[in-house]
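Engineer: Give the three-dimensional model of this entry:
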Amino acid sequence: REFAKRAILLRMKHSYSGCRTRTFFVEGAQALPTANESYEDTENVDTEFVATTITLYTRLTQWLPDKYFFEYNPPKRQFNIEDVLDREVFVTDATWSLEKFFCRRAKARSVMVVNGESSLTDAQVWSSLICACLGNLLIIVLFAGFLAFNGVNTVGILVLTALFIFFNREAAKNLYKFYDSYNDTLKKRNPNSKNSETLYQISETHRVTRPSDKICWILFGCEIFFLLVFPFWMLCDIGNGPIAHLFALLALFSAFRHYFNVPVVLTELGNLEYLDGKFIRGRDFEEPTLEDKAEDWLEKNRLSKIVARISQGARKDTWSNIIAGITVIFFLLFLAAFGAGSNNGSEADTSNLLHDFEYKPLPNTFKYPTCSLTSDFALPGSNETALADYTFLAGIAYNSPESMPELLDTWFGKDVAQDNNELVEEYRSGLETDSAVHYKLITFPKLNPEFAIVDIRGTNNGWDMISDAQLWSAAWLAQAVRAVLPLGAIWSPIIDNVVEMIGVLQTETLRHVAFYVQTADFVDHLKDQNMFKELRVTGHSLGGGLAMITGAQTETPAVALSGPNTIITRNTLEPKVSLDSLDKYTFNIIPDRDPVPAIDDPAKNYQRINCLASPSRFVDCHTATRSLCDILYTCGSGNRPVLCECVAFGYPEPEPTGDRTFKRACKAFL
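Structural biologist: Coordinates of the predicted model:
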């Protein structure tokens, strides 16, 4: 019990003490400081370049009464693992390398031998300085090149690069500090001396304040409640039992590692002398023998390997930053979702749709083989433009119900297609639990009253983004792991099973409100009511992914535009989707360099199309209008209108079929 209390108090004091950090150079030191002594107290510190950093938290604790936070006077040295291990990185003429100075960690403790038999040559030192200068210059050039790649103009590049240099000016200052301290050391050294003299770069942390035992226990209780008890209770309250038990198991394991932490104990001790081992420091003799030195190094090497395996270094910081970043992103998505809510879509502008111009199929070239889809996917009236028709419908799913009559009349002709918003709203009003998914029902009463298309809207707000993450984040992570593994493709046959295991943790509550559940139920409802003999599903982006899931689950042909795929995700759905259903009922239009359909693996039926956006604007390839222009230009527009924006996207002007010139017709868009 006493051991546990002591370990927890050490951890809390280590975590919540107010600290200051000082960085400086030590010139010409011939011996290491004794145990628990600060390098700053030695006579060889270059006081010209001492940089002190005190956090806002430390200043706040200094203002509090001593009964809450005790203030040290003078501040107490706080050790790190390198101090505990008494580990120095020596740079000699034999261990020197060109990049070692530039590529070291910012606060790494390094020792440069500047005098004696193993001292660096002047050529080696100057080479390191020049390499560091060129390395920093290369970073600046890469930053400016990145701006130019993304289309920033010259003035913007100059301004942003100047700001980048300003905010990273410490790199140049550190180079000058090193150069000046090195010159000072050269002035002091005796060229006839055989003793090795060194130049240290030191970063030391001193504890300014420490919390009282009472504050430590209060903070410990807050950590246990907010980081363990409260999340566990919330997961149980929403019915997510599997996640709750997994969280409890991992949290308890992490808590033991966090509070009973060997590196923290060692850094509080400050050295290894309290451990079982014989070390030169602290022993009663003036000059150690070679045997003493050998034994000292053997002990340090043994304990260094042990502590290195249990210490927390850069890996912990890296993963903590990654997890914190993901948490912040999801938090911002929730804020955006609650703040903006959902919406019914945008208003339409049909002035960009031109009936007196046309794109003819490219002569003597291969059109997309799917320009005219099979009869299973054909729309009433014309199959020549079926690919373009589905692309157009997927794009207008973002528009409001009030805009749909004008859009449909302009594309298909007067009263050919209708948006049955009343039927959709009537169905949704009878649901016990509604979701934020938006979809339309497009019918063709004049040409074929038994044909209809369910048109699902893509990502348009925070809730849509959360749905994207819910459905495809596991697949994306699995793809990323597969991509970095050597011969990662050999894991493709089982990667869907791995994602399925992750999906088991998803609760029935989350499955019930998943977007695809309502769209699939709506299609089943239409089939059960025998309203239409021929049903199709389409959508763009998230809507495309939902369309393919809906089509595979309900055995309804689905055409997606830039939709995330479903091969890896299929076993996490409810009900699960078979490979055969995806191959038989789904079709995905995939623009080049579009990042969204790169998520998950595609089924057998898909069509890749061109994207003329610049390499730096690959996100533009996800635009539905750009995809429609490519299909109209490649396949021919037939009896459908062409778009003014196509020329702005890099396609040639369409041929006129009337008296207007293209520039006159599209004056507002060019």
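Engineer: Could you tell me how many residues sit around Phe669?
Structural biologist: Residues near Phe669, counting by other CB atoms under 10 Å, number 14. Heads up, the C-betas are built off the backbone N, CA and C, glycines and all.
Engineer: State the pLDDT value of the nearest residue to it once chain neighbours are set aside.
Structural biologist: Of all residues not flanking Phe669 in the chain, Cys644 sits nearest, at 3.9 Å (CB to CB, 6 or more residues apart in numbering). You'll see Cys644 listed with a pLDDT of 92.
Engineer: repeat for Ser346
Structural biologist: Looking at Ser346, the pLDDT reads 55.
Engineer: same question, the one 5 residues further on
Structural biologist: The per-residue pLDDT reported for Ser351 equals 77.
Engineer: Isn't it up against Ala668?
Structural biologist: Yes. Contact criterion CB atoms under 8 Å: Ser351 and Ala668 qualify, at 6.8 Å.
Engineer: So for these two, which sits in the more crowded spot?
Structural biologist: Between Ser351 and Ala668, counted using other CB under 10 Å, Ser351 has the larger neighbour count: 12 against 9.
Engineer: that's a strand at that one, yeah?
Structural biologist: No. Assigned with DSSP: H, G, I helix; E, B strand; the rest coil, Ser351 falls outside any strand and is coil.
Engineer: For it, give its distance to Glu645.
Structural biologist: 11 Å (CB to CB, to the nearest Å).
Engineer: What of Tyr16?
Structural biologist: Distance, Tyr16 to Glu645, using CB to CB: 58 Å.
Engineer: How about the contacts made by Ala603?
Structural biologist: 548, 565-567, 579, 582-583, 586, 588 (CB atoms under 8 Å, 6 or more residues apart in numbering).
Engineer: 7 Å instead?
Structural biologist: The contact partners of Ala603, taken as CB atoms under 7 Å, 6 or more residues apart in numbering, are 565, 567, 582-583, 586.
Engineer: Over to Lys533?
Structural biologist: For Lys533, the contacting residues are Glu450, by CB under 7 Å, 6+ apart.
Engineer: Now it. Its backbone dihedrals?
Structural biologist: The phi and psi values for Lys533, taken as degrees, to the nearest 10, are phi -80, psi -30.
Engineer: quick one: average confidence on stretch 598-617?
Structural biologist: The pLDDT scores in stretch 598-617 average 91.
Engineer: Now do that stretch: distance to the chain's middle.
Structural biologist: Taking CA atoms, centre = their mean, to the nearest Å, one finds the center of stretch 598-617 at 21 Å from the center of the full chain.
Engineer: got a list of what the residue nearest to Phe669 touches?
Structural biologist: 352, 354, 666, 669.
Engineer: Quick check: closest non-adjacent residue to Tyr359.
Structural biologist: Leaving aside its chain neighbours, Tyr359 sits nearest to Ser637 (4.5 Å; criterion: CB to CB, 6+ apart).
Engineer: you'd agree that neighbour is in a helix?
Structural biologist: No. Using three-state DSSP, the assignment for Ser637 is coil, not a helix.
Engineer: Pull out the CA atoms of the helix or strand where Asn73 lies and give them to me as CSV.
Structural biologist: Using DSSP states H and E, the element containing Asn73 is strand 69-78. Extracted C-alpha coordinates of strand 69-78, given in CSV (Å, rounded to 0.1, in the frame of the first residue of the first chain):
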residue,chain,number,x,y,z
PHE,A,69,2.1,24.6,-4.8
PHE,A,70,5.4,24.8,-3.0
GLU,A,71,7.9,27.1,-4.8
TYR,A,72,11.6,26.0,-4.8
ASN,A,73,14.3,28.6,-4.2
PRO,A,74,16.5,28.0,-6.0
PRO,A,75,14.7,25.7,-8.6
LYS,A,76,15.4,22.0,-8.2
ARG,A,77,17.0,20.1,-11.1
GLN,A,78,14.6,17.7,-12.8
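Engineer: And the residue nearest to Phe669, how far from Arg664?
Structural biologist: Relative to Arg664, Cys644 is positioned 11 Å away (criterion: CB to CB).
Engineer: what do you get for Leu526?
Structural biologist: Note on Leu526: its distance to Arg664, by CB to CB, is 45 Å.
Engineer: Looking at those two, which one has more neighbours?
Structural biologist: Ranked by neighbour count (other CB under 10 Å), Leu526 and Arg664 place Leu526 first, with 19 against 10.
Engineer: can you pull the contacts of Ile502?
Structural biologist: Applying CB under 7 Å, 6+ apart, we find Ile502 in contact with Ala474.
Engineer: If anything else comes up later, I'll come back, but that's it for now.
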